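Colleague: quick one, what's the 3D model for this:
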Amino acid sequence: MINSENRQKPVYGVVGICGVVGNLVSRMLMDKKFRVMGTDMSPAKGCTFLYTLEDYDFPKFLENHPESFFSDSDIIIPPPSLGEDSELFKLISEHGNDVMTVDDCLNQFKPDKPVLCVSGTNGKTTTTTLLKHICRTMDLKPTEHGFIKLQGNIDYIPPLQARLKGDVAVLETGTFGNTGDLEIMMKRCEPDCGVLTNINPDHLDKTHDFINYARIKGEFVDYFQKKKLIINSDDPTVWGLIKNPDSVIKFGVDTTTEDVGYKECWCGNEIEINETITGSGYYQCECGLKRPEPDYLAFDVEESEGRFKLKTPDSVFEVKMKLIGLHNVYNVTGAIVAAREYFNLPMDKILTAVETFEGVSGRIEHLFTHEEMEVILDYGHNPAGIETVLRELKKVYETITVVLTVSSESGEHGDVEIFDKVLKFGDFIVPASHASRVVAETKVEEIESGKIVLTSESVVKFDKTGTLGASSDQVLDGMKTGLKCKSSALICLGEAAFKYKKSILELK
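Modeller: Model prediction:
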């Protein structure tokens, strides 16, 4: 721990600046005008995030920990993963440096700006990105972690991002699915407002059930019950977590739908939902849980046109957006509520910002048109997200071809659930990932009918990483096969589709 000696502008020595945490810690300290030195054993070519430090002028030592690093540093901040029995800790001890942990940093350097966290199974990236866009249009600079192709919603990234330079912090916050994850996250981020988009089954294996997963999300709710909490009250799982209904701001959507879905209720019964999107809509359980009247209600929705009316506690507004689909009506409404209720931004300017928002890369992203077939990419990788995306696209396009690159984190039963969702909405299905190919081969009737179109590359075994279920060759083979199908639109689904987007664009 840091001794009580009062130092004037101490020099902080940050170990591991090529890693995410060390990188953010050094930038945070520089933003706060402290003196910093950084070191890492990685060479420059292996320092993945070195580009984020280009505008930060401090000594950076790569490939070694020089003697001067220890002699010139007053306080050394090691990475959280470094054990106290390591050689580096021995060197720190020999040089008599004070040691500050990353958690010590978070406790000593508090956020100096409004902090809002967005969580939920689906929609949090779009909600977060739109809210930051709204802030930027009003000259409020959101903090950014700056890591290209890194979502950054777990571990130490959100809390350190909250302490970077900026006027506001809008943080996407996720979970590894372990009890205590979100509780710790909130304590580290120290936000005053939270937005919860929904809670649907995601990343669940045989050792986890949905209610336990929902309880983990409930840690987010518990933290904000005495602060400001904005929720999608059309989701019965979310609404069932609320202990004090008067303490939350509710948003929802009013639309006619014939879709019926089911979810496990908190009472243990299965609750029927007249679904607007997967897992949300109109519901009433025999235990008494029922959909409340939202404080902010989207109605008269024209999905394919990106228009709806929004009833607020004091007025009704016309909302125009460049996005399509009911799921984006929810995302946009949640962002509008947060911008108005927490950041106190004027409604007319919020609506103008919404109208200029282009969406998030990889979220129903239009890539090109191929012989009158619209080619679309979506990062969707869990059953609820995939079902929502396909359901919305089916409202816009008469026929759709689905190229599936996903491998579920839930294992084989997750792969089956995802494939069944795709079968429900897709007119042609091309299993591009090995995992989806394994499931496809059990669907003999659909193969014989031509609904499932097999490729050659998806036969090849692929060692997945998380939800990255296909190689570049498998994705391209799937796309080439899908482009031969006669449909109004082709959508390539999954993390691999997003990763190899550049290669896909070369097919146009």
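Colleague: what's the nearest residue to Glu264 if we skip its chain neighbours?
Modeller: Once flanking residues are discounted, Glu264 sits nearest to Phe210: 5.5 Å by C-beta to C-beta, 6 or more residues apart in numbering. Placement of C-beta: from N, CA and C, glycine included.
Colleague: sorry, slip of the keys, the one I care about is Tyr379.
Modeller: Using C-beta to C-beta, 6+ apart, the nearest residue to Tyr379 is Gly362, at 4.1 Å.
Colleague: I'd guessed the one you found sits against Lys499; true?
Modeller: No - using C-beta atoms under 8 Å as the test, Gly362 is too far from Lys499 to be in contact (9.4 Å).
Colleague: now Ser42: how far from Val430?
Modeller: As judged by C-beta to C-beta, to the nearest Å, Ser42 and Val430 stand 39 Å apart.
Colleague: neighbour count winner among those two?
Modeller: Taking neighbours as other C-beta atoms under 10 Å, Ser42 and Val430 compare with Val430 leading, 30 against 15.
Colleague: related to what we said a few turns ago, contacts only, for the residue nearest to Tyr379.
Modeller: 377-379, 497-498, 501 (C-beta atoms under 8 Å, 6 or more residues apart in numbering).
Colleague: now those residues in a markdown table, with distance to Tyr56 and secondary structure?
Modeller: Output for these, formatted as a markdown table (distance: C-beta to C-beta, whole Å; DSSP: H, G, I helix; E, B strand; the rest coil):
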| residue | distance to Tyr56 | secondary structure |
| --- | --- | --- |
| Leu377 | 34 | strand |
| Asp378 | 35 | strand |
| Tyr379 | 31 | coil |
| Ala497 | 34 | helix |
| Phe498 | 29 | helix |
| Lys501 | 30 | helix |
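Colleague: of those residues, which is the most crowded?
Modeller: Busiest of the contacts of Gly362 [other C-beta under 10 Å] is Ala497, holding 31 neighbours.
Colleague: measure that one to Gly166 for me?
Modeller: Taken as C-beta to C-beta, the span from Ala497 to Gly166 is 32 Å.
Colleague: what do you get for Lys217?
Modeller: For Lys217, the distance to Gly166 - C-beta to C-beta - is 27 Å.
Colleague: same deal with Lys228?
Modeller: 20 Å.
Colleague: and if you look at Val195?
Modeller: Counting by C-beta to C-beta - Val195 and Gly166 are separated by 18 Å.
Colleague: looking at those two, which has the bigger crowd around it?
Modeller: Val195 (32 against 20).
Colleague: okay, buried residues for the helix or strand in which Phe89 is found please.
Modeller: Secondary structure from DSSP states H and E places Phe89 in helix 87-95. Using 16 or more other C-beta atoms under 10 Å as the test for burial, helix 87-95 gives 88-89, 92.
Colleague: again, but for stretch 345-357
Modeller: 345, 350-351, 353-354, 357.
Colleague: so Cys18 is in which element?
Modeller: Going by DSSP H and E, Cys18 is not in any helix or strand.
Colleague: report pLDDT for it.
Modeller: As predicted, Cys18 sits at a pLDDT of 96.
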